[in-house]
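**Q** just a sequence and a predicted model for now, questions to come.
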There are 2 protein chains.
Amino acid sequence: MARIVMKFGGTSVANVARIKAVAERVRAEVEAGNEVAVVVSAMAGVTNEFEGYVRETARLFDLREYDVVVSAGEQVTSGLTAIALQAQGVTARSWLGWQVPIRTDDAHGSARIEDIDGSEIVRRMGEGQVAVFAGFQGVDPQGRVTTLGRGGSDTSAVAIAAAVGADRCDIYTDVDGIYTTDPRVVTRAQKLAMISFEEMLELASQGAKVLQTRAVEMAMRHGVRVQVRSSFEAPTTETTPGTLVVDEDEIVEQQIVSGIAYSRDEAKITLTGVPDRPGVAAGIFGPLTEEHINVDMIVQNVSPSGEATDLTFTVRKGDFDRAVKLLQDRREQLGYQELRPDNNVCKISVIGVGMRSHAGVAQTMFKALSERGINIQVISTSEIKISVLVAEEYTELALRSLHTAYGLDAET
Amino acid sequence: MARIVMKFGGTSVANVARIKAVAERVRAEVEAGNEVAVVVSAMAGVTNEFEGYVRETARLFDLREYDVVVSAGEQVTSGLTAIALQAQGVTARSWLGWQVPIRTDDAHGSARIEDIDGSEIVRRMGEGQVAVFAGFQGVDPQGRVTTLGRGGSDTSAVAIAAAVGADRCDIYTDVDGIYTTDPRVVTRAQKLAMISFEEMLELASQGAKVLQTRAVEMAMRHGVRVQVRSSFEAPTTETTPGTLVVDEDEIVEQQIVSGIAYSRDEAKITLTGVPDRPGVAAGIFGPLTEEHINVDMIVQNVSPSGEATDLTFTVRKGDFDRAVKLLQDRREQLGYQELRPDNNVCKISVIGVGMRSHAGVAQTMFKALSERGINIQVISTSEIKISVLVAEEYTELALRSLHTAYGLDAET
């Protein structure tokens, strides 16, 4: 017997037929002798619909009221899922954020969970009642509805798993696990049986949009074993059909590189001849921050003369035009020579906790790309990740070359 | 300055444009110096959509979960209306049933309001904040969501008006008031400036579906002045543009007959030769009640011989076939001679509190119908109402004749 939290995303509860399928899957876990809590998202498209109403009503709006509106979708699916379970003979009831309560701070629109008292839920789970939680929602200290930000139901699920001391938090989604890289690009990509929290965090923030980053952070902090599974495969209660996201200590045979992520949503800006003196970086990035333009990779070349240097950084494609204009408007003040814009780039990241203890990981990357004649424009590294910027047209070639070079290809 | 509750139904908040129009109307009342609370229904069609999901999920369902699902529609509009008000410079916030709280019993699906503490709302209204209530919903003693039954937002509005001691409860709807009869049938029907609670109750239960019956009962009990107004006419803050539903003492110049209602949703069943002995009526109506078939008019002729009698009663058209079959199956047991079914009937009711003190009201009715050659099949009376059953094809003729006979025709 295990205590399990099962989370179902919007496509898994997109209509009544799928909600019934979800109920069957839950019933299978119950019949296998497990204690089960369920977390559901809104039906696919509903949150967008509600958000559309809000934006149509006012350009600027009170986020407290926004939360009231957009949280209604999860309320609907929690009730329907409870009904579907009851119809299959499973004792169940729905729980809204304020009923649990799932206490959050008052950062409406992207609130953080502060506290969940799981004792009542655990007691009921022990009696065989399945708790069906409306994901995404909580309640602030003033008793007003909050939401956890888009994708927040993942965070709800992990937080509830921590609160009830679950053995596992299963995230059912429209993919069947985490892959070494995008299987649509690299046909020989392999599904990972296990991945560490740290690697998952890097993958998630690199564009592998399977799990909300905050959910992974919370799972890491509370040591919640997360399993990413497909909700479109036949129900099964086997232990590891998807990918298990766990503490790296649990992974016995650690690969040096676990996966390769990429993001086309990058644009590069180079400023040449930037005066090499204190305060210049602040002068450049300050205005960007004020305009809520997120800067990702930053590379500054060593200045040989000690007087001027070249500065390169990346922003998201959607922010590109604004960033360029902002810097062009400040050319005199910043004193750079030339602004070279380039939104024809792709960021490729090699990720693996094994890097910490293995030398030569970066060298393998540079060699593989060089052999294919792919020029590396920018390099940025962290403890468990190496990212490079290459021209966008090389994306597929680079991914496939690196996948082979790191020995990740599935046997054919 | 007055304290006003403004209630807007589903067609009045059917989309964002209409919600903005609602906000304009509310702002006009605020700018006129009034303290305002608003009660909103779900967008037109949304409650039906949610109810459809529930029925698709299970044939029999937990009404507690049904309430969770169907109450979500009002949550959406309460948030949107608050945002629309804020966008027009009006201080506003939404209130969900559990936040107020609007305490109800636990009769899920059609709960009754037991208590609303209006003090916090009154305090905020005094500070100029408009309270926007999600109608239709409450919370039961166990902290679970309840709903008040279809049309329940009217009841929410009246209960809130009573709780905050409002001077008036304005029900905005898609008609501009209560008429002497259906203006689609009788072109000379007139809008009533005032009508008493008692008359409104009879009208509402007779098929004039402007106000939920329970809302009228509650208004009568708490002495809440209700005004039925159109939400599709230009905003105005005049005092009586619609119809005011008030205590009959307030109506100075009381008409003998205020209005004429009709219902085509009637079917007649006559049993001839029913043994005239105690317990026979119970034997007939008991099985109908068990099958949830509501019996409306009942007429039993005096039995001349003292041995057998004829019994006629009406049911709703939707229950007709089941009722006929039920009685035919029990023919031997009930011992009647013949069952005569007839679903080609219409009930016409003349309503007026003035009847109490005026003789001859029924006579006017019988005479007017007889002059047109309309045969009266069944008569049933209450203190302020006379109802007759006529063949359905006479509906329009009967309505027009009676409207003229009671002097209700508008001047041309």
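**A** Right, received. Where do you want to start?
**Q** phi, psi of the closest residue to A:R340 other than its chain neighbours?
**A** Of all residues not flanking A:R340 in the chain, A:T270 sits nearest, at 4.2 Å (C-beta to C-beta, 6 or more residues apart in numbering or on different chains). Every residue, glycine included, has its C-beta placed from N, CA and C. Backbone geometry at A:T270, expressed as degrees, to the nearest 10, gives phi -120, psi 130.
**Q** bridging residues for A:T270?
**A** Legend: beta-bridge partners of A:T270 under DSSP bridges are A:T312, A:R340.
**Q** tally of neighbours for it?
**A** Using other C-beta atoms under 10 Å in any protein chain shown, A:T270 has 19 neighbouring residues.
**Q** need the contact list for A:R93.
**A** Going by C-beta atoms under 8 Å, 6 or more residues apart in numbering or on different chains, A:R93 touches A:82, A:124, A:129-132, B:62, B:64-65.
**Q** closest residue of the stretch 151-300 of chain A to chain B?
**A** In the stretch 151-300 of chain A, the residue that lies nearest chain B is A:S153 (16.0 Å; C-beta to the nearest C-beta).
**Q** what strand or helix carries that residue?
**A** A:S153 belongs to helix A:152-164 when assigned by DSSP states H and E.
**Q** quick one: average pLDDT of that helix?
**A** The pLDDT scores in helix A:152-164 average 97.
**Q** mind giving me the packing neighbours of the lowest-mean-pLDDT helix or strand in chain A?
**A** Ranked by mean pLDDT, DSSP states H and E, the helix or strand of chain A with the weakest confidence is helix A:197-205, at a mean of 85. Applying 3 or more C-beta pairs under 8 Å, 6 or more residues apart in numbering or on different chains; DSSP states H and E, one finds that helix A:197-205 contacts helix A:213-222, strand A:243-246, strand A:259-275, strand A:338-351.
**Q** residues of the longest one that come out buried?
**A** What it means is strand A:259-275. Judged by neighbour count using 16 or more other C-beta atoms under 10 Å in any protein chain shown, the buried positions of strand A:259-275 are A:259-263, A:265-271, A:274.
**Q** just want the angle from that strand to helix A:197-205.
**A** Computed with axes from the mean of the first three to the mean of the last three C-alpha atoms, to 10 degrees, the direction of strand A:259-275 lies at 70 degrees from that of helix A:197-205.
**Q** so strand A:259-275 versus strand A:338-351, what angle?
**A** Here strand A:259-275 runs at an angle of 150 degrees relative to strand A:338-351 (the same axes, to 10 degrees).
**Q** state the mean pLDDT of strand A:259-275.
**A** Here the average pLDDT along strand A:259-275 is 92.
**Q** got the CA coordinates for it in PDB?
**A** Only the C-alpha atoms of strand A:259-275 are listed here, as PDB (Å, rounded to 0.1, in the frame of the first residue of the first chain):
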ATOM      1  CA  GLY A 259      19.500  15.400 -21.500                       C
ATOM      2  CA  ILE A 260      19.800  18.100 -24.100                       C
ATOM      3  CA  ALA A 261      17.400  21.000 -24.200                       C
ATOM      4  CA  TYR A 262      17.000  23.700 -26.700                       C
ATOM      5  CA  SER A 263      15.100  27.000 -27.000                       C
ATOM      6  CA  ARG A 264      14.400  28.900 -30.200                       C
ATOM      7  CA  ASP A 265      12.900  31.700 -28.100                       C
ATOM      8  CA  GLU A 266      16.200  33.600 -28.000                       C
ATOM      9  CA  ALA A 267      17.500  36.700 -29.600                       C
ATOM     10  CA  LYS A 268      21.100  38.000 -29.300                       C
ATOM     11  CA  ILE A 269      22.200  41.600 -29.000                       C
ATOM     12  CA  THR A 270      25.900  42.600 -29.200                       C
ATOM     13  CA  LEU A 271      27.200  46.000 -28.200                       C
ATOM     14  CA  THR A 272      30.700  46.700 -29.400                       C
ATOM     15  CA  GLY A 273      33.200  49.300 -28.100                       C
ATOM     16  CA  VAL A 274      31.500  49.500 -24.700                       C
ATOM     17  CA  PRO A 275      33.600  51.700 -22.300                       C
END
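**Q** other SSEs contacting it?
**A** helix A:197-205, helix A:280-290, strand A:308-315, helix A:320-329, strand A:338-351, helix A:395-405.
**Q** out of those, which is closest to A:T243?
**A** For A:T243, the closest of the helices and strands packed on strand A:259-275 is helix A:197-205, at 8.8 Å, according to C-beta to C-beta.
**Q** where does the residue lying closest to A:T173 once chain neighbours are set aside land on pLDDT?
**A** The shortest distance from A:T173 to any non-neighbouring residue, by C-beta to C-beta, 6+ apart, is to A:G9 (5.1 Å). Here the pLDDT value assigned to A:G9 is 94.
**Q** surely A:G9 and A:A157 touch.
**A** No - taking C-beta atoms under 8 Å as the definition, A:G9 is not a contact partner of A:A157, at 9.9 Å.
**Q** shared neighbours of the two, anything?
**A** Common contact partners of A:G9 and A:A157 (C-beta under 8 Å, 6+ apart): A:I171.
**Q** more crowded one of these two?
**A** Between A:G9 and A:A157, counted using other C-beta under 10 Å, A:A157 has the larger neighbour count: 34 against 23.
**Q** was I right about the more buried one contacting A:Y172?
**A** No - counting by C-beta under 8 Å, A:A157 stays clear of A:Y172, with 9.8 Å between them.
**Q** what do the two both touch?
**A** Common contacts of A:A157 and A:Y172 (C-beta under 8 Å, 6+ apart): A:K7.
**Q** residue ranges in the stretch 101-250 of chain A under the pLDDT threshold?
**A** For the stretch 101-250 of chain A, the stretches flagged by pLDDT under 70 are A:205-208, A:234-240.
**Q** what's around whatever residue of it ends up closest to chain B, how many residues?
**A** Nearest to chain B in the stretch 101-250 of chain A, going by C-beta to the nearest C-beta, is A:G143, at a distance of 6.2 Å. The number of residues packed around A:G143, counting by other C-beta under 10 Å, is 12.
**Q** next, it: phi, psi?
**A** Backbone geometry at A:G143, expressed as degrees, to the nearest 10, gives phi 80, psi 20.
**Q** name the helix or strand for the closest residue to it other than its chain neighbours, please.
**A** Closest residue in space to A:G143, ignoring its immediate chain neighbours: B:Q99 at 6.2 Å, by C-beta to C-beta, 6+ apart. B:Q99 belongs to no helix or strand when assigned by DSSP H and E.
**Q** B:Q99 reaches A:D140, doesn't it?
**A** No - look at B:Q99 against A:D140 with C-beta under 8 Å: they stay out of range, at 11.6 Å.
**Q** re the thing from before, the residue of the stretch 151-300 of chain A closest to chain B contacts A:V13, doesn't it?
**A** No - with contacts counted by C-beta under 8 Å, A:S153 stays clear of A:V13, the gap being 10.2 Å.
**Q** give the intersection of the neighbour lists for the two.
**A** Common neighbours of A:S153 and A:V13 (C-beta under 8 Å, 6+ apart) are A:40-41.
**Q** around chain B, pick out the residues from chain A.
**A** Proximity of chain A to chain B (C-beta under 8 Å from any C-beta of the partner chain) is limited to residues A:16, A:19-20, A:50, A:53-54, A:56-62, A:64-69, A:71-73, A:75-76, A:78-80, A:82-84, A:86-87, A:93-94, A:96, A:98-99, A:143-145.
**Q** hmm, which of these are the buried ones?
**A** A:16, A:19-20, A:50, A:53-54, A:56-58, A:61-62, A:64-69, A:71-73, A:75-76, A:78-80, A:82-84, A:86-87, A:93-94, A:96, A:98-99, A:144-145.
**Q** among the residues you listed, name the ones in strands.
**A** Applying DSSP state E to those, the entries found in strands are A:93-94, A:145.
**Q** for A:E74, give me its contacts.
**A** A:40-42, A:134-137, A:153.
**Q** neighbour-wise, which one of these leads?
**A** A:V40 (34 neighbours).
**Q** got the contact list for the closest residue to that residue other than its chain neighbours?
**A** In this structure, A:V40 finds its nearest non-sequential neighbour in A:T77, 4.4 Å apart by C-beta to C-beta, 6+ apart. A:T77 sits next to A:13, A:19, A:40-43, A:134 when contact means C-beta under 8 Å, 6+ apart.
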